[in-house]
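> Based on what follows, work out the 3D shape:
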Amino acid sequence: FQVKSENRKTIWNTEEVPEGSEFDDTWDPREQPEYEILFKQCVGTEDVFFGMSRKDPSTACCEDIVIKIKLPGAKYSDITLDIQDKVLDLRTPKKKLLLHLPYRVDSKNGKARFLSEEETLEVTLRVSRMFDFINF
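Reported below is the predicted structural model:
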């Protein structure tokens, strides 16, 4: 068995490296903030009362992922947020969060809002699954 490679000195191919590993910095001393992942589902009366759609309460039928990140002492201007298809990367002067998301998301159309009273960043991302047009 012989592996053909463009450069024989490479240890692995780019396809073998998980998405988001370029953000991982094990030497960064900043601590990870508390966070919570919630799943959001759009339901109507046909779902609640009649059960006409095939939706159930599982995460497989949810359309959005909501991530609530506690950032005590942070200001909106201090937050750097980068969303990829499977990775959320958040940085502040005191905190750092590299989160591998449970589902692929639409990284171009997410929403984020900073709740200054609660010192929490709330990020809402649309789940992007194959064949969602068939399921929903």
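
> all strands of the chain, in order?
Secondary structure of the chain (DSSP state E): strands at 35-40, 64-70, 80-83, 87-91, 96-100, 111-115, 120-126.

> Kindly reformat those as CSV containing distance to Asn13.
Every C-beta, even on glycine, is put in place using the N, C-alpha and C of the backbone. CSV is the format used below for these (distance: least, C-beta to C-beta, whole Å):
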stretch, distance to Asn13
strand 35-40, 30
strand 64-70, 29
strand 80-83, 24
strand 87-91, 19
strand 96-100, 20
strand 111-115, 33
strand 120-126, 28
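
> can you tell which of the ones you listed is closest to Thr10?
Thr10 lies closest to strand 87-91 among the strands of the chain, at 22.8 Å (C-beta to C-beta).

> what does that closest one contact?
19-20, 23, 30, 33, 67, 69, 79-83, 96-101, 121, 123, 125 (C-beta atoms under 8 Å, 6 or more residues apart in numbering).
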